[in-house]
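Provide a 3D model corresponding to the input given below.
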Amino acid sequence: MNEATLDPSENEKQSPDSEPPKPAAAPVRAPAHWPLKQNNPQWQIVSQRSPLKTALYMVGVLMILFSATMLPPMAVAWYYDGQSVVLPFAQAMGVMLGLGLLCWLPVCRYKLDLRNRDGFAVVVAFWFLLSLIGALPFMLSENPHVRLVDAVFETVSGLTTTGGTVLSGLDTMPKAILYYRAQLNFLGGMGVIVLAVALLPMLGVGGMQLYKAETPGPMKDEKLTPRITETAKNLWFIYVALNGLCTLSFWVAGMSFFDAICHSFATLALGGFSTHDASIGFFNSPAIELVAGFFSIVAAVNFALFFLAWRARSLKAIFQDPEFKFCMAVFGGLISTACLYLYFSGKFPAWEAFHRGFFQAASVITDNGLGTIGYPADWPIFVPLLLLLGSFFGGCVGSTCGGIKAIRFLLLYKQSVREARLLIRPAAQITVKLGTQPVSDRVMQAVWGFYYLYVFSYCFLSLALTATGVDLVTAFGSVAACLNNMGIGLGETAVGFSPLNDTATWLLSLAMLIGRFEVFPLLLLFLPDFWK
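This is a model prediction of the structure:
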């Protein structure tokens, strides 16, 4: 409705001796920009809308929900370590719950009207808050007892599934801390917000805006089911089921059950946190390395394809997907190159070159970040550099990996071929297709925009790191490890990020968040149009 008519009341009573009524005045026309009458319920929604209240409501609910994730580490601490290790997690839980209630209670009766821009703001605010509050167990614990900057880095690394660490002496740390790190990987793998989307409708809160802000990729609007809640639940069921299968595989391959659970969380989330300083190399087991490499590749596949295959009771949905075929072809080329170079360079004999090369290549390219013996410090520099560049590739969209994603590289390749053909035949009408489906120009523009921003972020952060005094190799390797959410750097950060200064550590924490958000949600907050 573009305009409304405001009529005078017709119920006013006239006294007997009153003057004859004057002719009724012409109805007053409301301006065209008035949305609706004030007595219309939709008017109430418009007049009550407050982005600040919406953000407080959503952040409060999410913090309350996430406070419950402190219970499993508390149980592990009680079972393995004793009551003294339980206290830091109990305190962190109290802070999260208290902050959540502090945000939610003042606006709990507010009628929520969640829009797209609110979704982006809530996701960014929640991740920053979670990165700070999730660091409390590391700061409050006696072993390890770390400073704020290192605790935030470790928490961000876990939630973004980067896997880079500033901690050492993992073999002697309490089991609860090791489990908590693995749990951060687990929750960050499919996305804390996607889990919340599956739960928030129970509270009467829709979640499509949060899902769009959280999930990566250029085609986010495609849903597996009519309701976004069911989509999120199905993805989480698949994710948990694969974690169970991976846990059993590690256990059968020779890990203890505790190590199997923690490494399963790290592998399916492509997170990279291990329970040992030597990572997977601690076990020195070809079987464990093959299991880890296989499930790293599984986790790099679009989880929507697993759902479609399960629903159709056929693997055709997976093997016919053009992005999957392109991704596996690239993986095959990079893994084969790494294995062959390790063998022909004389670094390892044939069998060892295969299982170490397969595992390490699969781990780094998919941005998992688990490591084997001697990598990368003692390996021929060609292989670490090849895999570091491969980490920009990542895996399929809709997976738990980082990087630029296979579908974007595929579309950029097809666009490059299209431009070359247009040089030959300028008048030709050539469309970019993904399989048999044409790709709209809007999607191609988004892909080019993302690619530019990703490369720009990498260059800017690398230069910023060198400005803090970090050498060039360490700067470029560390930013690549964090921006791609891969976790294994070069130079001083080849075995850990503790040698870096505080400023560099903060910058790398930001780089991990940029990579996890895929640039755009953070960029939106700095655009003036976003706040109008």
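
contacts, neighbours, all on C-alpha from now
Will do.

the helices in the stretch 301-450 of the chain, which residues?
303-312, 316-319, 322-344, 350-365, 382-390, 406-424, 441-467 (DSSP state H, counting those that start in this stretch).

show me which residues of the third one are buried.
For helix 322-344, a neighbour-count test (16 or more other CA atoms under 10 Å) marks 323-324, 326-328, 330-331, 334-339, 341-343 as buried.

what does the second one give?
Of the residues in helix 316-319, those scored as buried under the neighbour-count criterion (16+ other CA under 10 Å) are 317, 318.

that one packs against which elements?
helix 303-312 (3 or more CA pairs under 8 Å, 6 or more residues apart in numbering; DSSP states H and E).

residues contacting the helix it packs on, please?
Residues outside helix 303-312 that contact it (CA atoms under 8 Å, 6 or more residues apart in numbering) are 224, 234, 235, 238, 239, 315, 316, 317, 318, 398, 399.

of those residues, just the buried ones, PyMOL syntax please.
The PyMOL command for the buried members of those (criterion: 16+ other CA under 10 Å) is given here:
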select buried, resi 224+234+235+238+239+317+318+398+399
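
spatially, which two of the contacts of helix 303-312 are the most separated?
Pairwise distances among the contacts of helix 303-312 were taken by CA to CA; the largest, 19.9 Å, belongs to 239 and 316.

between the helices of the stretch 301-450 of the chain, which one is closest to residue 287.
helix 350-365 (8.5 Å).

list the buried ones in that closest one?
In terms of neighbour count (16+ other CA under 10 Å), helix 350-365 has its buried residues at 353-365.

same thing with stretch 92-109?
92-101, 103-104, 107-108.

quick one: residues contacting the residue nearest to residue 485 when sequence neighbours are not counted.
Nearest residue to residue 485 in three dimensions, chain neighbours excluded: residue 162, at 3.9 Å (CA to CA, 6 or more residues apart in numbering). Going by CA under 8 Å, 6+ apart, residue 162 touches 270-272, 367-369, 481-482, 484-487, 512.

could you pull out the strands for this structure?
In the chain, the segments counted as strands under DSSP state E are 5-6, 28-29, 433-434, 437-438.

which of those strands has the lowest average pLDDT?
The minimum mean pLDDT among the strands of the chain belongs to strand 5-6 (a mean of 40).

that older thread, now the buried residues of stretch 92-109 in TSV, with distance to residue 516 and pLDDT?
As requested, the buried residues of stretch 92-109 are arranged in TSV below (distance: CA to CA, whole Å; pLDDT from 0 to 100):
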residue	distance to residue 516	pLDDT
92	24	93
93	25	95
94	27	94
95	25	93
96	22	92
97	25	94
98	27	94
99	24	92
100	23	91
101	27	93
103	25	89
104	26	89
107	30	84
108	30	83
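
so residue 477 sits right up against residue 489, yeah?
Yes. With contact defined as CA atoms under 8 Å, residue 477 reaches residue 489; the gap is 4.8 Å.

please say which of the two ends up with more neighbours.
Ranked by neighbour count (other CA atoms under 10 Å), residue 477 and residue 489 place residue 489 first, with 26 against 23.

which pLDDT value goes with the more buried one?
With respect to pLDDT, residue 489 has a value of 92.

what sits against it?
Contacts of residue 489 (CA under 8 Å, 6+ apart): 474, 477, 478, 479, 480, 481, 495, 496.

contacts for stretch 510-522 next, please.
120-121, 124, 156-157, 160, 162, 213-214, 216, 402-403, 450, 453-454, 461, 479, 482-485.

next one: stretch 493-500
By CA under 8 Å, 6+ apart, stretch 493-500 touches 164-167, 376-377, 470, 474, 477-478, 488-489, 492, 505.

would you format these as TSV with distance to residue 428 included?
Converted to TSV, the contacts of stretch 493-500 look like this (distance: CA to CA, whole Å):
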residue	distance to residue 428
164	49
165	52
166	55
167	58
376	49
377	52
470	50
474	47
477	43
478	45
488	46
489	46
492	52
505	51
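
buried subset of these?
164-167, 376, 470, 474, 477-478, 488-489, 492, 505.

next, format the residues you listed as a markdown table and append distance to residue 311.
Below are those laid out as a markdown table (distance: CA to CA, whole Å):
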| residue | distance to residue 311 |
| --- | --- |
| 164 | 37 |
| 165 | 39 |
| 166 | 43 |
| 167 | 43 |
| 376 | 41 |
| 470 | 51 |
| 474 | 46 |
| 477 | 42 |
| 478 | 41 |
| 488 | 37 |
| 489 | 40 |
| 492 | 48 |
| 505 | 45 |
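
give the contact list for the closest residue to residue 366 other than its chain neighbours.
Nearest residue to residue 366 in three dimensions, chain neighbours excluded: residue 394, at 4.8 Å (CA to CA, 6+ apart). Listed by CA under 8 Å, 6+ apart, the contact partners of residue 394 are 300, 365, 366, 367, 401, 402, 403, 404, 405, 406, 484.

please apply the same query to residue 182.
Neighbour list for residue 182: 158, 262, 263, 265, 266, 273, 274 [criterion: CA under 8 Å, 6+ apart].

just list the residues touching residue 297, thanks.
Going by CA under 8 Å, 6+ apart, residue 297 touches 362, 366.

need the per-residue pLDDT for it.
pLDDT at residue 297 comes out at 96.

ok, residue 65 next?
Predicted confidence (pLDDT) for residue 65: 87.

what does residue 287 give?
Per the predicted model, pLDDT is 96 at residue 287.
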